[in-house]
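*Asks:* give me a 3D structure for the following:
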Amino acid sequence: MGRTLFKLTLGVLALPVMSVPAMAQGKGVNCMRGAYSAAQLEELGQLTPSSSAGETQLEQAVFDQIGAIAMTAIGSCAASRGWTDEQILHATLFEMGRLSEAAYRASGELSSQQLRQLDDALAIGNRDRLWSVIEAGVMGGMSGGEAPVSNGDAMLLGTFIIGAGLDVEDQDTVVAEKVGMLLGFMGLQRMGRREFVNLN
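*Replies:* Model prediction:
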């Protein structure tokens with residue numbers, strides 16, 4: 001995923017100025033939502049990453065396809081808005097996180113009940129520390145390594161997952177890893193949006 005983001009960002013930076021779809025009028029990183037053609041939206045709806053039985057390694061090819069489609073929308077918005085290279089970087093992080101989250105939610109890796117439990121748990125209380133831990137993990141993954149997880153951070157994540165009712169008997173480890181993937185995509189969006197806004 002980290003290599004995909006890096007290559008995607010370089011690709012967007014190299015795009016020439018292009019005409020922009022009339023619907024690409026959203027502000028900030030929301031610009032990309034209206035920059036896809038009907039055919040691209042249909043294709044994105046069919047791209048659902050899945051893991052092999054008993055494993056949690058997702059199909060990289062799916063994310064490569066998502067990235068290739070996202071590049072056109074990001075490039076259109078960058079050209080029309082006059083974004084800097086740094087803005088393009090953070091817009092890319094946001095959009096890849098947004099599209100990857102949508103694809104993973106639709107993949108069936110987590111059931112509708114598990115997704116509902118997760119969303120309900122995230123909506124309760126102050127989750128700033130949880131998101132800080134998640135974002136640190138995302139940054140570690142993007143750099144090609146793994147961010148060290150302290151015992152306190154591991155306990156925080158475990159407590160959150162258990163509190164959300166997502167420790168499912170003997171499948172708790174696999175479920176926890178799948179929840180972690182989805183949280184990672186959501187964290188990527190948060191990072192991209194926040195840093196994009198901070199540049200304005």
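*Asks:* hey, where'd the helices end up in the chain?
*Replies:* 2-13, 38-46, 60-81, 85-106, 112-122, 128-142, 151-163, 172-198 (DSSP state H).
*Asks:* which other helices and strands does the shortest one contact?
*Replies:* Put plainly, it is helix 38-46. helix 60-81, helix 85-106 (3 or more C-beta pairs under 8 Å, 6 or more residues apart in numbering; DSSP states H and E). Heads up, the C-betas are built off the backbone N, CA and C, glycines and all.
*Asks:* buried ones in the first one?
*Replies:* When neighbours are counted by 16 or more other C-beta atoms under 10 Å, the buried residues of helix 60-81 are found to be 62-63, 65-67, 69-81.
*Asks:* and the protein, what are its domains?
*Replies:* The record's domain split for the chain, according to automatic domain parsing, is 2-110+192-198, 114-175.
*Asks:* out of these, which is the most enclosed?
*Replies:* Most buried of the domains of the chain, by mean neighbour count (mean count of other C-beta atoms under 10 Å): domain 2-110+192-198, with a mean of 17.
*Asks:* picking that back up, turn the helices of the chain into TSV, including distance to residue 31 and mean pLDDT.
*Replies:* As requested, those are exported to TSV (distance: least, C-beta to C-beta, whole Å; pLDDT from 0 to 100):
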stretch	distance to residue 31	mean pLDDT
helix 2-13	13	42
helix 38-46	15	92
helix 60-81	4	91
helix 85-106	8	93
helix 112-122	25	95
helix 128-142	23	87
helix 151-163	32	87
helix 172-198	10	88
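*Asks:* wait, doesn't residue 179 sit right on residue 158?
*Replies:* No. The criterion here is C-beta atoms under 8 Å, and residue 179 misses it with residue 158 at 10.9 Å.
*Asks:* my guess is residue 83 meets residue 76, correct?
*Replies:* No. In this structure residue 83 lies outside contact range of residue 76 using C-beta under 8 Å: 10.8 Å.
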